[in-house]
Each structure stands twice: as C-alpha cells, then as structure tokens.
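Peer 1: following is a predicted model, sequence given first.
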Amino acid sequence: MVNRNKRLMKRNRKRKSTSKSKSKSASFTMPRWLKPDFAAVNWARVATAGAVASLAFCGYAATLWVMDRPIDNVVINGAFERVSAVEVERALSMHVTTGFLSADLRTMRAELLEIPWVENANVRRRWPGSIEVHIAEERPAACWGKAGLLNVRGELFVDEVQHVPAELPRLTGPNGTERRVSEMFFSIEERLEQRGMAAIALQLDQRGAWEVQLSSGITVRLGASFVEQRLDRFFEALDKVISAQVERVDYVDMRYTNGFAIGWKDQDPMRARFKEDGEPNV
C-alpha cells in the first residue's frame, strides 16, 4: 500500500514538472529577423541626409529673406469714373508696408472689394518689387427705390447716390426683392425690344402686385396672381390691338380672368372680353 502511494506521488510530480515545462515553452520568443539590429543602421548616411536637409531649409529661408524686399510701388490699372485713387490707397495702406513676398494678396483684394463701385479686383506681384492692382467698376443697370443702384446681376451695390442717371429704369419693391424685380424687368424688357418698345419702370408692392411703365406712357397692371399668364395675354393684346394705337392708350389692366381692360387717354375705358366679363382680380 505504501509503495503504491509512493508511485502515485512520483507520477504527480512528473505531471507537474511536465506542465511547467510546457508553460515555459509556450512563452513567445521574438524571431531574430524581427529584432532591431542597430548595428546595421548606417548612421553616417542618416547624419549626412539630416545635414543636407538642414542646409536646404536654411538656404530656402535665406532666399526668402533676401527676396522679401520692401515693396517699391503699387501699380493701379482700370478705367475709373466712380472709384477714387484715395479710396484705393486707403484700402492698401496697411498691407504695402510688408515685404514683397509676405504681402497678403488675398486680404488686399478683400479690402478693395469693400469699396463702393468696385465690382472686381485682381492683385498680383510683379518682379522685382511691385504690386499690380486691376480694378473693374460696377456698371449700374437700374435705379432701386429713390437713390439706390443695381448692377446687371440685380445686386444693390449703392444704397444712396447723389445723382441717378436719367436713362436708368426705375425699379421698386420690398427690401430683399432686388434680384427678383430686376430679373422680371429684364425679362419683360427683352420681349418689348422685339417689338421696338421699352420699359422704364417696374413696381412690386407689398401685396405682391406688379405694375409696368412703358416708355410710350402706357401703364400695365399685372396684379399678383397668374403673372406669367397675364404677361402672355398682354403681349398677345399688344400685337393684335394696342400696337396700332399706342399713343391713345393710358393703361392696360390685365387683372381680369379671361380678358383685359384698356384705358384710353381721350375717352372712357374699353373692356376687351375673351369669354366673360368680371371685375379685376388681384
């Protein structure tokens, strides 16, 4: 019995020793090809490359320093009628004191675009030490309200001007409707030009109703509803009825569902009926 117990104890010791050896052999050993071999690094090449890069950077910085000379002069190009040289100089005065290369051209352009009547501005460097500026002025296409001016894109670029050119059409409307009113005006103007006529004014009131004034003195009332359809009917009436006696017409009221009314300068209004009579609509 005793011998049997001794044999069991020996077997247990062998099992324990075997499990320990297995656990030891299971530990990870880094392969030799993954071990960093610092001796294989060519430190001389690394040092040489670093020195070359440092010299290149220093040379680049020195070149910039030498080339970033003070700005000699500013050349301004453009046909100026409304923009003054004083305004341009004031916009650029804070930026031309820097060096030729360090001057911020983008900021300079932004400053120039803030000047009234400046539509576009280009700024560039001209070797060896000049800044060249080209400015294009706004072209007024219409008068907005009492004294504002719109450009060809329908943008209000001047809120109030002392002298409004008499040849400009007069457009009015609620604040924020400048582009909408100008687009409507130029659309009507294009169709009138095909018939040898012109418009001189367009009004959009607070209710959304449109009214056009022609150069012949005729006022066209379009209202606020079905404006495109009413415009089509007006040009149809212009071709068939109105054009032959433009001088006698005071106004044309297109606010009827199926027709229009003509107001004559020398007599009572005449209503042209397509299908049925009725009162004018908004």
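Peer 2: In hand now; what should we look at? Small disclaimer: the values here were computed from a predicted structure and weren't measured.
Peer 1: quick one: average confidence on stretch 240-259?
Peer 2: Averaged across stretch 240-259, the pLDDT comes to 91.
Peer 1: now do the end-to-end distance for it.
Peer 2: 13 Å (CA to CA, to the nearest Å).
Peer 1: give me the buried positions along it.
Peer 2: Using 16 or more other CB atoms under 10 Å as the test for burial, stretch 240-259 gives 242, 249, 251-256, 259. Where you see a C-beta, it was placed from the backbone N, CA and C, and this is true even at glycine.
Peer 1: now do stretch 209-229
Peer 2: 209-214, 218-223.
Peer 1: tell me which residues are up against stretch 169-184.
Peer 2: 141-145, 150, 153-156, 185, 189, 199-206, 210, 213 (CB atoms under 8 Å, 6 or more residues apart in numbering).
Peer 1: right, I mislabeled it, should have said stretch 201-208
Peer 2: Counting by CB under 8 Å, 6+ apart, 169-174, 177, 180-181, 184-185, 188, 210-213, 224, 282 sit against stretch 201-208.
Peer 1: not counting sequence-adjacent ones, nearest residue to residue 107?
Peer 2: Once flanking residues are discounted, residue 107 sits nearest to residue 95: 6.4 Å by CB to CB, 6 or more residues apart in numbering.
Peer 1: give me the buried entries from the contacts of stretch 201-208.
Peer 2: 169-173, 177, 181, 184-185, 188, 210-213.
Peer 1: any chance of those residues in a markdown table, with distance to residue 83 and secondary structure too?
Peer 2: Formatted as a markdown table, the buried ones among the contacts of stretch 201-208 follow (distance: CB to CB, whole Å; DSSP: H, G, I helix; E, B strand; the rest coil):
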| residue | distance to residue 83 | secondary structure |
| --- | --- | --- |
| 169 | 24 | coil |
| 170 | 25 | strand |
| 171 | 24 | strand |
| 172 | 27 | strand |
| 173 | 28 | coil |
| 177 | 28 | coil |
| 181 | 26 | helix |
| 184 | 30 | helix |
| 185 | 26 | helix |
| 188 | 32 | helix |
| 210 | 35 | strand |
| 211 | 35 | strand |
| 212 | 33 | strand |
| 213 | 32 | strand |
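Peer 1: how about those in CSV, adding pLDDT and distance to residue 235?
Peer 2: Output for the buried ones among the contacts of stretch 201-208, formatted as CSV (pLDDT from 0 to 100; distance: CB to CB, whole Å):
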residue, pLDDT, distance to residue 235
169, 96, 18
170, 96, 22
171, 97, 20
172, 97, 23
173, 97, 22
177, 96, 23
181, 97, 19
184, 97, 14
185, 97, 15
188, 97, 9
210, 98, 14
211, 98, 16
212, 98, 11
213, 97, 16
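Peer 1: can you tell me the SS state at the residue nearest to residue 126 when sequence neighbours are not counted?
Peer 2: Counting by CB to CB, 6+ apart, residue 132 is the residue found nearest to residue 126 once chain neighbours are left out, at 4.8 Å. The three-state assignment at residue 132 reads strand, by DSSP: H, G, I helix; E, B strand; the rest coil.
Peer 1: quick check: residue 132 touching residue 108?
Peer 2: No. Applying CB atoms under 8 Å as the test, residue 132 and residue 108 come out as separate, 11.1 Å apart.
Peer 1: between these two, which one's more packed in?
Peer 2: With neighbours defined as other CB atoms under 10 Å, residue 132 and residue 108 compare such that residue 108 has more, 20 against 14.
Peer 1: next up, the contacts around that one.
Peer 2: Contacts of residue 108 (CB under 8 Å, 6+ apart): 91-92, 95, 123, 131, 133.
Peer 1: are we agreed that it is in a helix?
Peer 2: Yes. Under three-state DSSP, residue 108 falls within a helix.
Peer 1: any idea how far it is from residue 82?
Peer 2: For residue 108, the distance to residue 82 equals 20 Å [CB to CB, to the nearest Å].
Peer 1: how about residue 218?
Peer 2: 34 Å.
Peer 1: just residue 182 next, same as before
Peer 2: 20 Å.
Peer 1: of those two, who's got more company?
Peer 2: Each of residue 182 and residue 82 has its neighbours counted (other CB under 10 Å); residue 182 has more, 24 against 15.
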